[in-house]
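Asks: structure for the following, please:
(3 chains)
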Amino acid sequence: MSLLDDGWAFGAEFADPLASLDTSIPDGVDGALLAAYALGLADDALVAAQRMTWWCSRAPELELDLAWANVALDLLGQARPLLVRAATAEPALVPALPAGSPIPAEDALAFFREPAGFRNHRLVEGADADFAQAVVRLLLLSTTRLAVFERLRHSRDQVLAGVAAKGVPELAYHRDLAAQWFLVLAGGTEESRRRTVAAVAALWPLHVEALETHAVEVAAARAGVGADPADVREQVAAVLGPLLETAGVVPPPSGRARPAATGRDGAHTAEFAPLLDEMQSVARAHPMGRW
Amino acid sequence: MNDQPHTDEWAVYEVFVRSRRGLNHVHVGSVHAPDPALALRHARDVYTRRNEGVSLWVVPAAAITASDPGEKEALFEPSADKVFRHPTAYQVPEGVSHL
Amino acid sequence: MAQQTVDTFEGLLARGERIEPGDPMPEAYRSALVRQMAQHAHSEVIGMQPEGAWIGRAPSLRRKAVLLAKVQDEAGHGLYLYAACETLGAQRAELTRLLLAGAQKYSSIFAYPTPSYADVGTIGWLVDGAAIVNQVPLCRTSFGPYARAMVRVCKEESFHQRQGFELLWTMMQGTDVQRALVQESVDRFWWPALMMFGPPDADSAHSAQSMAWGIKRHGNDELRQRFVDMTVPQAEALGVTLPDPDLRWNPERGSHDFGEPDWAEFREVLAGRGPCSTERLAHRQRAHDDGAWVREAARAYAEKSSRVHADTSTIPASVVEPVETRRVAERLTTRSEEKR
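Replies: Residues are numbered from 1 along each chain as shown, chains lettered A, B, ... in the order given. So this is what the prediction gives:
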């Protein structure tokens, strides 16, 4: 179709920076630990993306349908190699499927695990009550994840380092987009301000929880493959503090007692099981299916 | 172009993309946005999803001054007969090169 | 010396040149274009729903990404086409109002339900395939902004058709149940896909005038025939049957003969009485209503900012805030704090 070649063309170079990574497990690192750590990062991205796709056809303006879909696509792109990393580092993690099933490990992990097998933060699993929650959730997720990924670029594990190197500019954009909209909504009308303040109040405790240290993360950090969220708290606060202050939004006091178990332990909110029911329904109906 | 901002919606920004270094920014379309900073982000999310660009401009549509098609003759035809501006208007003896 | 000072509309059309937004044009041409482009834009936006409903349930992560990217493209197509309407002074908000009020239509195909995941594949293969046959000639339509939007749309649309065919083809390599799902889906979508080309030329209200103005380049029947001839061998490769007992190769015509779609059904759907018509508009209306406060907030924010830019010296400090907030935001655009 030479007609279509006039005047405008797609970009030509689509490179997959993860294609040629060394997938061997670094010396002295426990495969099960590496897998457990990768799974948490994978599930955060997968579940967040799953929620964000809801906005596609429901956003306040077409430009935002596109913007939120872009973010979700980036996060799906982060989730997939992380799931593969988890599967290769600890094959026992992958749910068993009927003999001869063509379903790859990443999909077995995404679609055939039970809710308690998921390790995502509870921050990402709730449905957005409104667009203000979508913005605030993205702001909190991307700020913490960016800080973690910046450290992960230096992971001894080549897959985690590669995913992080590719993810840092993606997350920087997500954070920027969310910050821009946060300021607009906080400074727009009385209603938008009320909704923004409410979204921060609702999501802040889950944000604090996502910055708690989990035993897997401590061990992964010690082994030189992961990052301890405790180490990024200051950096996250240094970004969010001035932003919230400028917007005139005060986060609720974070004195709440740490729950006994968090998403990283497989403890989830009531909203999570229905989310998985929907996400997994077709795949589970066809355990021998090809897609 | 939209001369008048419509009270019902965000302003229209025209979007220009530089597809790679060394080329001009080329007009590709428009987006709606509340301000220039978000217009840039919307332009990125709408028009560079397939690796189409390395640089973006957004310009409020209302800020563009366009020539009037009715003035086309006065504006553009006077240049049509200035054949002497073009190298092909000059004869060069055979065998002379690098001219 | 009597001079013709402008290119006339008829002169430009006769020379096969594009009409651009500032050119003089008959009011009927302008309104026909706005109607067609808006209907096209609405179709893209409403068309996000039948497949969008499956993004959350896509059975593999690759398919989830593919489908999300595809439905996202449709939002983009709607956006490009609304932008083309805007060059003629028709605002997106006003066109959306007309859609929601039922005063403007969208493609009949999107009023059909999508009860199976195979429908994602069938929509890509048949519906987007039919759309491409309709749309490629529109890349040369007489109105410049429409033609340019269509170039971009067609580029993106070819990915849509391919991914759909690939999904069906992969499912056909799968289980018996998957193969049955594919056939069942093709059975439902074949006739509605043929209706996408519009009624027979003899019954088409706008066809003749649109052809004369160069908005349309080919008749409905010609494009429908082209689609059938293109699709039959693809169906064979796929291993599915097309649900038309009259479908057969006619060596004399060098084309396939095929049966007549149910035009009474087509008129019902077009009149807004399709199986999912109510649901589609209700979904759009809800999204529109739920987004109203966001659009309003952004306008209010923009107004505050522009007042600041206009003259900061006379404005009380409380309103100067947006400039300051912008500065904070600019700092966040730096790629990462930590450069090692």
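Asks: contacts only, for A:Ala198.
Replies: Residues in contact with A:Ala198 (CB atoms under 8 Å, 6 or more residues apart in numbering or on different chains) are A:Ala132. All C-beta spots, glycine's among them, are computed from the backbone N, C-alpha and C.
Asks: dihedrals phi and psi, it?
Replies: Backbone torsions of A:Ala198, given as degrees, to the nearest 10, read phi -60, psi -40.
Asks: where does the closest residue to chain A within chain B sit: helix, strand or coil?
Replies: Closest residue of chain B to chain A, CB to the nearest CB: B:Asn51 (2.7 Å). What DSSP: H, G, I helix; E, B strand; the rest coil gives for B:Asn51 is coil.
Asks: can you read off the pLDDT for it?
Replies: On the pLDDT scale, B:Asn51 is placed at 87.
Asks: state the distance from it to C:Cys139.
Replies: B:Asn51 sits 22 Å away from C:Cys139, going by CB to CB, to the nearest Å.
Asks: settle it for me: which of the two has more neighbours?
Replies: Neighbour count, other CB atoms under 10 Å in any protein chain shown: between B:Asn51 and C:Cys139, C:Cys139 has more, with 21 against 13.
Asks: the more buried one touches C:Tyr146, doesn't it?
Replies: No - with contact defined as CB atoms under 8 Å, C:Cys139 does not count as touching C:Tyr146 (9.3 Å).
Asks: may I have the phi/psi pair for the residue of chain B closest to chain A?
Replies: Backbone torsions of B:Asn51, given as degrees, to the nearest 10, read phi 60, psi 30.
Asks: from B:Arg20, how far off is it?
Replies: To B:Arg20, B:Asn51 is 10 Å away according to CB to CB.
Asks: can you name the residues that contact the residue lying closest to B:Ala33 once chain neighbours are set aside?
Replies: Spatially, and ignoring its direct neighbours in sequence, B:Ala33 is nearest to B:Ala39 (3.6 Å; CB to CB, 6 or more residues apart in numbering or on different chains). Applying CB under 8 Å, 6+ apart to B:Ala39 gives the contacts B:11, B:13, B:15, B:31, B:33, B:58.
Asks: buried ones among the residues you listed?
Replies: Neighbour counting by 16 or more other CB atoms under 10 Å in any protein chain shown classes B:11, B:13, B:15, B:31, B:33, B:58 among the contacts of B:Ala39 as buried.
Asks: mind putting those into JSON lines with secondary structure and pLDDT?
Replies: Shown next, in JSON lines, are these (DSSP: H, G, I helix; E, B strand; the rest coil; pLDDT from 0 to 100):
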{"residue": "B:Ala11", "secondary structure": "strand", "pLDDT": "93"}
{"residue": "B:Tyr13", "secondary structure": "strand", "pLDDT": "97"}
{"residue": "B:Val15", "secondary structure": "strand", "pLDDT": "97"}
{"residue": "B:Val31", "secondary structure": "strand", "pLDDT": "97"}
{"residue": "B:Ala33", "secondary structure": "strand", "pLDDT": "95"}
{"residue": "B:Val58", "secondary structure": "strand", "pLDDT": "97"}
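Asks: may I have the phi/psi pair for A:Gly28?
Replies: Phi and psi for A:Gly28, reported as degrees, to the nearest 10, are phi 80, psi 0.
Asks: thought it was touching A:Arg222?
Replies: No - A:Gly28 lies out of contact with A:Arg222 (CB under 8 Å); the separation is 11.0 Å.
Asks: residue closest to the middle of the chain?
Replies: Answering for chain A, as no chain was given. A:Ala45 (2.3 Å; CA atoms, centre = their mean).
Asks: not what I meant, chain C
Replies: Computing the C-alpha centroid of chain C and ranking residues by CA atoms, centre = their mean puts C:Glu44 first, at 2.9 Å.
Asks: for the residue in chain B that chain C sits nearest to, what are its contacts?
Replies: Nearest to chain C in chain B, going by CB to the nearest CB, is B:Pro34, at a distance of 3.6 Å. Taking CB under 8 Å, 6+ apart, we find B:Pro34 in contact with A:184, B:10-11, C:298-299, C:301-302.
Asks: picking up where we left off before, widest-spaced pair of the buried ones among the contacts of B:Ala39?
Replies: With CB to CB as the measure, no two of these lie farther apart than B:Ala11 and B:Val15, at 12.8 Å.
Asks: returning to what we had before: of A:Gly28 and A:Arg222, who's got more company?
Replies: A:Arg222 (11 against 8).
Asks: C:Leu270: what's it in contact with?
Replies: Taking CB under 8 Å, 6+ apart, one finds C:105, C:108 in contact with C:Leu270.
Asks: could I get the pLDDT score of it?
Replies: Per-residue pLDDT puts C:Leu270 at 90.
Asks: wait, is it part of a helix?
Replies: Yes - assessed with three-state DSSP, C:Leu270 lies in a helix.
Asks: tell me how far it lies from chain A.
Replies: From C:Leu270 across to chain A, the span is 22 Å (CB to the nearest CB, to the nearest Å).
Asks: on that earlier part again, what's the closest of the buried ones among the contacts of B:Ala39 to C:Val182?
Replies: B:Val31 (38.2 Å).
Asks: dump the residue contacts of the closest residue to that closest one other than its chain neighbours.
Replies: Nearest non-adjacent residue to B:Val31, counting by CB to CB, 6+ apart: B:His42, 4.2 Å away. Neighbouring residues of B:His42 by CB under 8 Å, 6+ apart: A:63, A:66-67, B:13, B:31-33.
Asks: contacting residues for C:Arg248?
Replies: C:Arg248 makes contacts with C:256-257, as judged by CB under 8 Å, 6+ apart.
Asks: dig out what it forms beta bridges with.
Replies: Note on C:Arg248: beta-bridge partners by DSSP bridges are C:Asp257.
Asks: looking at it now. What's its pLDDT?
Replies: 97.
Asks: quick one: buried residues of the helix or strand containing the residue nearest to B:Ala33?
Replies: Taking DSSP states H and E as the criterion, B:Ala39 maps to helix B:36-47. Residues B:37-47 are the ones in helix B:36-47 that count as buried (16+ other CB under 10 Å).
Asks: ranges for the strands of chain B?
Replies: For chain B, the strands defined by DSSP state E cover B:11-18, B:25-33, B:55-60.
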